[in-house]
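[1] sequence and predicted structure are below.
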Amino acid sequence: MEKEPLVKVGLMSGLNYGSEGCRVGLWRLAGKIFEEEKTNFVVLAGGLVDYRELNVQLKEALRGARGDEAEIAKDEFLNCVADEIARMLPVIPGIKIYVVTSPAYDGQIGAEIAYRLTERREDVLLYREGSDRLELKKINKVLGVYVPKKGIWMRGDYYDTPILRVLKDEKKRSSRGIGDTNVVGCLGCAVTHPGDSSEIKKSYLSLPLLYKIADTRIAENQIGIRILEFHSDNPKEATVVTYNFKDLISNEWDFIKPPRKATKIQKAVIRKLQQRGALRAGQLEDCTDYQRSSIEGALESLLNIPMTSSWPGLEKDPASRRYFFSQKWFREKLDYPLPKTNYHEDSFLAFGCLHASCKHTDSKYFRDVVPGIILEKGIENLVGAGDFIEGLRHDLMLKGEILGSQKYVFNYTMQEKLAAYLVGSVIMKVFEERFGARVKSGLSRKAEQEELEKVVKNALLTFIYIPGNHCGWVAPLGFDSLAMFRAELKAFLVHHIHEILVKYNLTMSKLHELVSEKIVKLELDGEYKSAPGRPSLSIFHPEMAGTKTTSIRPQQMLRESTNQIVIGANFHTAEAVEEWDFDRGQRVCLQVGTVKVKSGFERSKLKTVDFGVGVLRVYSCSERIMKTKVSFHGERSSDLQAGNLEVLEDFDKWLEVSW
């Protein structure tokens with residue numbers, strides 16, 4: 001299983017003190033999680049305050065003041081705000097909070113308040129406004145922290161656009177360059193990119209916000225926090241943990257409890273206000289079984305009950321004559337519960353664009369390195385998102401893109417056989433390790449068939465896949481895509497599992513059936529669930545071109561799918577995008593790159609690929625995703641040609657057995 005990270009960085013953005021959407025309870029929740037996760041330090045990337053609202057309040061505080069009197073009033077106002085934030089911002093034992101303010105979101109008033117905050121709290125350090133770099137000493141790398149320095153003008157549907165604008169501006173402006181991995185705050189989205197195919201060539205991620213989003217400046221969607229875990233000195237393989245708080249915000253009225261001595265009618269009124277929001281007395285009469293006079297009496301008495309830790313108090317808007325819960329309670333008093341620990345957990349290692357038989361495919365990496373990632377991360381599902389073969393269209397063989405062999409031509413049949421060998425090798429390396437460990441832990445050689453089947457099933461990865469457009473090139477020739485691949489994969493797995501069972505003097509009667517169950521082919525609109533009550537998965541391989549704004553395709557796949565988990569490929573670029581909607585809650589699209597290190601086609605268009613695989617771990621409750629972990633992995637073989645030759649020699653040996 002995975003070792004503890006070398007470095008853990010807590011990341012938050014957008015506290016927005018002073019705004020109606022400010023939620024101090026989310027600050028406290030974030031602090032508890034950062035403490036439980038044992039982060040080394042925490043970064044606040046912009047949005048300490050809502051400068052627009054505070055400027056309005058400051059203007060009111062300065063009304064009628066002149067000269068020295070105005071300076072004193074301003075100083076008192078700023079000190080008062082700094083005192084309030086210092087009191088409410090959680091203290092995380094032994095952990096420092098590094099603050100980078102944003103000129104576009106915090107303004108000058110935010111920078112001044114942040115400075116005063118450091119005078120009140122020794123655990124808070126103020127770094128350079130707009131951007132700064134933090135050293136990750138244990139791995140000798142630099143974390144870049146960036147926030148918008150000017151108003152974001154690029155409001156639109158795609159998350160990557162403002163992220164890259166901020167990073168490209170910083171890269172041009174900075175004499176030191178940007179970090180080895182980079183965090184962008186204030187934008188309210190959750191994007192993770194390994195970096196190679198991007199315009200900045202460095203890994204980056206964006207941050208959710210930590211307040212109730214009311215005003216959408218760009219395309220803000222995410223509420224929560226993220227944690228950046230470094231398990232090695234390769235920042236592109238860092239794990240990004242996302243805690244989703246938006247379900248808490250959308251259900252925050254559910255946390256209201258009626259006053260201790262509330263009457264039956266008062267409880268009914270409170271329940272309707274929780275369900276429907278602000279209502280007039282007449283509307284409450286329509287949706288309850290009580291007369292208006294009784295309801296009005298209940299409302300008047302509720303107006304006189306003061307705020308407590310669990311009761312927000314009731315207010316009445318004189319203009320609309322509607323009754324609503326006090327917003328001050330939500331801003332400052334409400335405590336959100338810690339995430340549950342009894343989550344369902346689903347784990348996936350995903351790859352796409354294997355392009356078996358292409359001379360640029362790193363077959364040795366896929367066969368020999370990927371199983372180690374699966375074992376280290378404790379993965380249960382292997383997902384193949386199309387293009388298992390290179391194919392023969394576009395004169396690929398004549399162009400020298402296809403591997404050569406002295407024994408056979410890599411036609412479609414042999415390409416699908418090679419793809420099956422590669423995928424089967426990954427599955428078997430994992431199976432052999434897990435099954436062997438189970439035998440050593442005490443599996444009897446006289447084990448009942450039911451017990452043995454369970455052990456084999458648990459040790460065997462579930463392989464979920466769809467064909468890609470290259471796989472579909474056989475259709476006009478009258479063949480089903482990947483038909484040979486599936487048959488060969490099943491034969492490969494049955495043969496090798498049987499050999500392992502024989503090694504331990506074990507036999508199994510239903511091996512063929514069990515292997516077939518663990519190979520799942522999805523249709524375009526199909527879905528997969530590991531068990532009832534879990535989030536559903538769909539896989540896409542869109543037959544369309546990539547774009548410079550790489551989040552476009554993941555966002556399109558999320559729009560086209562009805563499932564919470566989406567895995568896609570075809571663009572040879574990697575990116576994870578998380579998005580929330582009311583009906584399905586938090587959703588995630590993991591777009592994976594390719595197992596090709598390059599291609600002649602892409603190099604001619606000045607494109608760089610994201611090489612490797614993606615790992616996704618999803619934690620859910622009642623089919624709602626509460627937390628995710630995403631990482632990308634792609635250390636290329638040192639000698640591509642020698643590695644591919646080694647794999648082909650082993651493939652030839654398998655052909656001698658299978659034929």
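    Happy to help now that I have it. Numbering: from 1, shown residues only.
[2] mind listing the helices for the stretch 401-550 of the chain?
    In the stretch 401-550 of the chain, the segments counted as helices under DSSP state H, counting those that start in this stretch are 412-440, 449-459, 483-503, 511-517.
[3] could you check the angle the longest one makes with helix 449-459?
    For helix 412-440 against helix 449-459, the angle by axes from the mean of the first three to the mean of the last three CA atoms, to 10 degrees is 120 degrees.
[4] about what we covered before: mind putting the helices of the stretch 401-550 of the chain into CSV with mean pLDDT, distance to residue 37 and mean neighbour count?
    (Each C-beta comes from the backbone N, C-alpha and C, glycine too.) What follows is those, written out as CSV (pLDDT from 0 to 100; distance: least, CB to CB, whole Å; neighbours: other CB atoms under 10 Å):
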stretch, mean pLDDT, distance to residue 37, mean neighbour count
helix 412-440, 95, 28, 21
helix 449-459, 90, 29, 15
helix 483-503, 95, 38, 18
helix 511-517, 95, 37, 15
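[5] which of the ones you listed sits closest to residue 619?
    Closest to residue 619 of these, according to CB to CB: helix 449-459, at 20.0 Å.
[6] tilt between the closest one and helix 483-503?
    An angle of 120 degrees separates the directions of helix 449-459 and helix 483-503 when computed by the same axes, to 10 degrees.
[7] the closest residue to residue 81 other than its chain neighbours and residue 74, how far apart?
    Of all residues not flanking residue 81 in the chain, residue 113 sits nearest, at 5.3 Å (CB to CB, 6 or more residues apart in numbering). Taking CB to CB, to the nearest Å as the measure, residue 113 and residue 74 are separated by 12 Å.
[8] higher neighbour count, those two?
    Using other CB atoms under 10 Å, the more surrounded residue of residue 113 and residue 74 is residue 113, with 27 against 16.
[9] could you check the pLDDT of that one?
    pLDDT for residue 113: 97.
[10] also the one 4 residues further on?
    With respect to pLDDT, residue 117 scores 98.
[11] secondary structure element for it?
    In this structure, residue 117 sits in helix 107-120 according to DSSP states H and E.
[12] so what touches that helix?
    The list of residues contacting helix 107-120 from outside it, by CB atoms under 8 Å, 6 or more residues apart in numbering, reads 48-49, 51-52, 54-55, 58, 78-79, 81-83, 85-86, 89, 99, 101-103, 106, 124-126, 129.
[13] and those, which are buried?
    Burial of the contacts of helix 107-120 was assessed by neighbour count (16 or more other CB atoms under 10 Å); the buried members are 48-49, 51, 54-55, 58, 78, 81-82, 85-86, 89, 99, 101-103, 106, 124, 126, 129.
[14] in strands, which of the residues you listed appear?
    Secondary-structure check on the buried ones among the contacts of helix 107-120 using DSSP state E: residues within strands are 99, 124, 126.
[15] the bottom helix or strand of the chain by mean pLDDT?
    When the helices and strands of the chain are compared on mean pLDDT, DSSP states H and E, helix 600-604 comes out lowest with a mean of 61.
[16] so where do the strands sit in the stretch 151-300 of the chain?
    With DSSP state E, counting those that start in this stretch, the ranges of strands along the stretch 151-300 of the chain come out as 181-184, 190-193, 203-206, 224-230, 239-244.
[17] which residues does the residue lying closest to residue 383 once chain neighbours are set aside bridge with?
    In space, residue 383 comes closest to residue 350 once its chain neighbours are excluded; the distance is 4.1 Å by CB to CB, 6+ apart. The residues paired with residue 350 through beta bridges, assigned by DSSP bridges, are residue 383, residue 614.
[18] is it true that residue 350 touches residue 385?
    Yes - the pair residue 350 and residue 385 qualifies as a contact (CB atoms under 8 Å) at a distance of 6.1 Å.
[19] all set, thanks.
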